[in-house]
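Colleague: Sequence first, predicted coordinates after that:
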Amino acid sequence: MSKIMPAVDVVLVGGGWTGSVIGKELAATGQRVVVLERGQPRWTSPDFQAPGVRDELKYTRRNELHQNAATETYTFRNRVDETALPMRRWQFAYPANHLGGAGVHWSGAYYRWDPVEFRLRSHYTQRYGARIFEDGITAQDWPLSYDELEPFYDRFDRLVGASGFAGNLKGVIQPGGNPFEPWRSRPYPNPPMRVPHAPALFGEAAAKLGYHPYIQPSALSTRPYVNSEGLHMNECVYCGFCSNFGCEQFAKASPQVCILPVALKLPTFELRTNAHVLRVELDKDRKSARGVTYVDAAGVETFQPAQIVTLCAFAINNTRLLLLSGIGRPYDPATGDGVVGRNYTHQTSSGVSLFFDESVKINPFMAAGAVAVTMDDFCSDNFDHGPLGFVGGGYIQIQVVSGAPIGNRPTPPGTPGWGSAWKKAVKRYYNHSIPITITGSALPVRGGYLSLDPTYRDAWGQPLLRITYDFPDNDIKLSAFLTEKGTEIGHAMRGVTLAQGNPRTKPYGATGYQSSHINGGAAMGSDPATSVVNRYGQCWDVPNVFVTGAALFPQNSCYNPTGTIGALAYWTADAIKRDYLKAPGKLIAS
Amino acid sequence: MTDGIPHHRRIFLKQVATAVGAVPLALGASVVAGGAAAAVASTAAAAATAGASGQAPVPVVTAWLFFDGNEGRAAEAAVARLIPADDTGPGAKEAGVAVFIDRQLAGAWGSGDHLYRHAPFLAGTPQQGYQLAFTPAEMFRLGFAKLDEAARKAHGWAFADLTPEQQDALLGEAEHGKLDFGALPSAAFFGALLDATMEGFFSDPIYGGNRDKIGWKLVGFPGVHASYANDIERHGVAWTRPPASIADADNGG
Amino acid sequence: MKHAIAAAALGLFAALAALAQSPDFARKPPAWQVALEASKEVAAGEAIATKGKGAALACAGCHGAKGVPAAGAPFPRLAGLPVEYFAKQLFDYRDGIRANAIMGPIGKALADAEIASLAWYYASLEVSAPRATASADQPQRGWQLARYGDNALALPACVDCHGGDVTGGGPVLPGLAQPAAYTAAQLSAFRDGERKNDGDGIMQAIAKRLSDADVKALADYYAER
């Protein structure tokens, strides 16, 4: 070590949502907290102000806020018998490179998970028999229930200023809401998003077909709001520069808007940016962490001693840190032994391209990351899976996210990609086309896992994270089913002249963007043989290390992850405050 | 071609004679980088193209940062076919897309600041994506040189001097990997060129392309107008305000 | 939780029955939009602007000939206002959604078509180009707030919504170049809750976080635009 910092009580790796929430919660009780953020500070004013922020080339095409592949990327292969190669051009997903993490440039789609998701294996086995799970699927139950997590979902709702209309209040279905929504103790703090033209047409058609469309909840405040930390949020202005961008309005919930200004005022809270954590340092017996090693802004390798280490980096980057640090037994797909790296999943997305008559103006530039009319009729186990033979579900919606034309220039199938024919088609259809978006659940497979790459390294000389994965047939069947349903709705929409379904097909790939919801590798579970952390996010093997975020997901639901990630962050913070600090050590016997 | 002078070059020479005065240019000579010749070539070319589509020429002062004169000509000619001027309006050349590409290649992105460039470079599956070692700058340099080579091989002239039909045919062959560009698959080059052309046509004019918001006007994208909160529920309302760029918004404040 | 599940099941049944008709996501266009689309003629508007009509005093009397008030007058410029914004304000005055002792009766004296005509008339008038910024006298705080906002106060830049020049940021987002007295009066009215026709209260919330000094800085800044 070139430098050793004064010891603190808690060191958190990552200045995104979970690092900010847990860091603030612990500092507020007097714990000496350091949050180490590898990127630079960015703040709503001045960094995300217009007009500079409304730059599609800079933010979407040149990945201004995203992890830079040049210094750190993933390697990828479909199967164990292939050689993984690096993702040299970054298209795959959008981890961030700065303070606030992906919580700055996310879309703000905001959901709770259905109660069934937390007991996926036992619920489906009970209802349909064990054979509904395809051979090789390693999905498993969570070690906690929706009911236990509900108060923590509520807490995060009030941090982010969630916008929506409660469909189920304390068990009573509310007309006008989503009848499939899990029960909640209180209404959303803010009313639902406005409804643009295309989602309204979708809702009309879906209702005609007997489905239950509703306005998607969001973490984009729909009116001036003072959050649970006393911080002000303004209202979303539907500017259309949302996903991949920082919000200029203080309307999209982010760590900078919702919690960091309060955390930074706490006397025992310290934020260090440009602090790139290399690994967690363990004791000789490898049963206890001493702190973390990081590289500071000047490039000096620095050791930060701490009593508690909490991994709060982006999703699967936490899994990489566990592997680099030698915490937990790495998973071996050949034998099925080991746990770190197993249960990797993504999100099974697909769509239906819709083309409209010229009389229907879509105005795709009037948009936001999470403005949609959606439906849960085919989510979770809201429908009979018996005759269908797959597990899982997906939501079907029309969202209006962006009209920025480098990425949004739809033309009907068969249109050439260039030339006058292309030009004529893009002029005709730019304002008369939008897809139906379908977001499906994702199941883990025995051969799908995360590990350290044997060949390729990052700019700090450390092995890259290797993703080995292909879709199970289950998810392909799911996607075909959902896409067919979506196409039916498309055909039923007023003004539609062409509806073409594009279901997800094998093989899974690293090119093209599917979603940033990459999960797993540090599964939360009740059995150390099949999980890395216990129900509190505490590592079975190293009890003073906690892991947060989507790395904990044993499988992915159809719902966006941030709501659940935020709830689990408060849940873990509470466990540390209530139990761990009083009696450091294993919270659950193993 | 009836008299040995390529179609495109004939128009060029006529415009040079009338618009610019006598600037001696030997037949078949390449235009070299920098200086009056390059600037003249671009201006005259703009005038030529504008004359063909019947619109007033957009004033152009071009000096390449990255391209040499030959590459610049090839780039302008190629983008002019990918997004042509036609009855829907001006195209990529008028919009300055070649200038955009030139600036991008001269900058950090062009030199690969977002590319993972560590060995070993191995051929992968289609799912594993781009595995070549070329930075964008290297790829375009090689690609335009090879495109000209292919044009000379097929027709005896540089790409910029072919007829539009010949250019389209050659671009189509490149697109489908049918041209031999050596270490660089022609389809990879074509894909990168088409991507860059779309970026140049539709990005904010601050980057050198989308001149006069030609791209945004084609599709009806408002640019950096901010708040649609009061309009998003007026379903199907016609947006009639002219598009605004970052510079427009900046200069007002 | 079993009880809750049973209750939920019953509730679900009833609710699904209630939802048998389609939920209405459609929106009716606002009355001012209907009026604007019905007619785009300006003659009636010009006549009212210059000569008045009954209780609707001639607009030019306060707002100036050609929609630009005399120097020092506290009345806002009307020339070049977005047609939708103009129409909405008069509808709001008429319906009491925006309160003003002078404009209320004037709004009530006008029919929909007359308001529309006035809106089209004033939108057609030329607005002078922004004056060159006098850098030495430019209020720094005003410039800062207008262009960058204030992070600690959770204030986005004014230009984010209102645009960088006099034409405004959108149909119901006027350019903010106005006499200082008018800008200061509006920000104070939003701050005190006296002006409430700002949708979900966005301007009221923003104005509440502006000090008196900030209000003056913004008013002075925009007076120079």
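Modeller: On my side now, so go ahead.

Colleague: how far away is the residue nearest to B:Pro205 when sequence neighbours are not counted from chain C?
Modeller: Spatial nearest neighbour of B:Pro205, excluding adjacent residues (CB to CB, 6 or more residues apart in numbering or on different chains): B:Ser245 at 4.9 Å. The way it works is simple: take the backbone N, C-alpha and C, and place the C-beta from them, glycine included. Between B:Ser245 and chain C the computed distance is 11 Å (CB to the nearest CB, to the nearest Å).

Colleague: Please tell me I have it right and B:Ser245 contacts B:Lys213.
Modeller: Yes - between B:Ser245 and B:Lys213 there is a contact under CB atoms under 8 Å: 6.5 Å.

Colleague: who's in contact with the residue nearest to B:Pro205?
Modeller: A:51, B:204-206, B:210, B:213, B:223-224 (CB atoms under 8 Å, 6 or more residues apart in numbering or on different chains).

Colleague: Next: B:Thr240.
Modeller: Counted by CB under 8 Å, 6+ apart, B:Thr240 has zero contacts.

Colleague: Local confidence estimate at it?
Modeller: Looking at B:Thr240, its pLDDT reads 87.

Colleague: Could you pull up phi and psi at it?
Modeller: phi -110, psi 0 (degrees, to the nearest 10).

Colleague: Mind listing the strands the longest strand along chain A pairs with, and their directions?
Modeller: For chain A, the longest strand by residue count, based on DSSP state E, is strand A:301-311. Partners of strand A:301-311 in the sheet, by DSSP bridges, are strand A:3-4 (parallel), strand A:8-13 (parallel), strand A:289-295 (antiparallel), strand A:545-547 (parallel).

Colleague: Quick check: chain neighbours aside, which residue is closest to A:Val295?
Modeller: A:His276 is the one closest to A:Val295 (CB to CB, 6+ apart), at 4.6 Å.

Colleague: cool, C:Tyr182 as well?
Modeller: C:Pro76 (4.6 Å).

Colleague: Please, which helix or strand holds the one you found?
Modeller: Using DSSP states H and E, C:Pro76 sits in no helix or strand.

Colleague: I'd guessed it sits against C:His63; true?
Modeller: Yes - in this structure, C:Pro76 is within contact of C:His63 by CB under 8 Å, at 7.0 Å.

Colleague: Between those two, which contacts overlap?
Modeller: C:Pro69.

Colleague: neighbour-wise, which of these two wins?
Modeller: C:Pro76 (23 against 20; other CB atoms under 10 Å in any protein chain shown).

Colleague: For the more buried one, give me the backbone phi and psi.
Modeller: phi -70, psi 150.

Colleague: List the contacts of it.
Modeller: C:63, C:69, C:178-179, C:182.

Colleague: nearest to chain B, of those?
Modeller: C:Gln178 (14.7 Å; CB to the nearest CB).

Colleague: Secondary structure element for that closest one, which one?
Modeller: Per DSSP H and E, there is no helix or strand for C:Gln178.

Colleague: got the residues of chain C near chain B?
Modeller: C:26-27, C:29-30, C:33, C:84, C:130, C:143, C:146-147, C:159-161, C:163-167, C:169-173, C:199, C:202, C:225 (CB under 8 Å from any CB of the partner chain).

Colleague: Would you mind listing which of the residues you listed are buried?
Modeller: C:30, C:33, C:84, C:130, C:143, C:146-147, C:159-161, C:163-167, C:169-173, C:202, C:225 (16 or more other CB atoms under 10 Å in any protein chain shown).

Colleague: Among those residues, which are located in helices?
Modeller: When DSSP state H is applied, these are split such that C:33, C:84, C:143, C:146-147, C:159-161, C:202 fall in helices.

Colleague: Spell out which parts of the stretch 101-250 of chain B neighbour chain C.
Modeller: So the stretch 101-250 of chain B meets chain C at B:225-231, B:233-235, B:237, B:241, B:244, B:248-250 (CB under 8 Å from any CB).

Colleague: Mind doing that once more with 7 Å?
Modeller: By CB under 7 Å from any CB of the partner chain, the residues of the stretch 101-250 of chain B that approach chain C are B:225-231, B:233-235, B:249-250.

Colleague: Farthest pair within the residues you listed?
Modeller: B:His235 and B:Asp250 (32.1 Å; CB to CB).

Colleague: Confirm that B:Leu218 sits in a helix.
Modeller: Yes - the assignment for B:Leu218 by DSSP: H, G, I helix; E, B strand; the rest coil puts it in a helix.

Colleague: show me the contacts for it.
Modeller: Neighbour list for B:Leu218: A:427, B:88-89 [criterion: CB atoms under 7 Å, 6 or more residues apart in numbering or on different chains].

Colleague: okay, the residues you listed in CSV with pLDDT, distance to A:Ala421 and secondary structure next?
Modeller: Formatted as CSV, the contacts of B:Leu218 follow (pLDDT from 0 to 100; distance: CB to CB, whole Å; DSSP: H, G, I helix; E, B strand; the rest coil):
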residue, pLDDT, distance to A:Ala421, secondary structure
A:Lys427, 98, 11, helix
B:Thr88, 97, 11, coil
B:Gly89, 97, 15, strand
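
Colleague: got any ranges where the chain has weak pLDDT?
Modeller: With no chain named, the answer covers chain A. Low-confidence segments of chain A (pLDDT under 70): A:1.

Colleague: that answer is for a different chain, and I need it for chain C
Modeller: The low-confidence ranges in chain C, as defined by pLDDT under 70, are C:1-23, C:129-139.

Colleague: Please, where are all the helices along it?
Modeller: C:2-18, C:31-38, C:43-51, C:60-63, C:83-95, C:103-108, C:112-124, C:140-148, C:158-162, C:180-191, C:202-208, C:212-223.

Colleague: Equivalent analysis for the stretch 151-253 of chain B, please.
Modeller: For the stretch 151-253 of chain B, the helices defined by DSSP state H, counting those that start in this stretch occupy B:164-175, B:186-202, B:214-219, B:246-252.

Colleague: Nearest to chain C: which residue in the stretch 351-500 of chain A?
Modeller: For the stretch 351-500 of chain A, CB to the nearest CB, closest residue to chain C: A:Val373, 5.9 Å.

Colleague: residues touching A:Tyr153, list them.
Modeller: Applying CB under 7 Å, 6+ apart, the residues contacting A:Tyr153 are A:112, A:563, A:567.

Colleague: a helix runs through it, doesn't it?
Modeller: Yes - if the criterion is three-state DSSP, then A:Tyr153 is within a helix.
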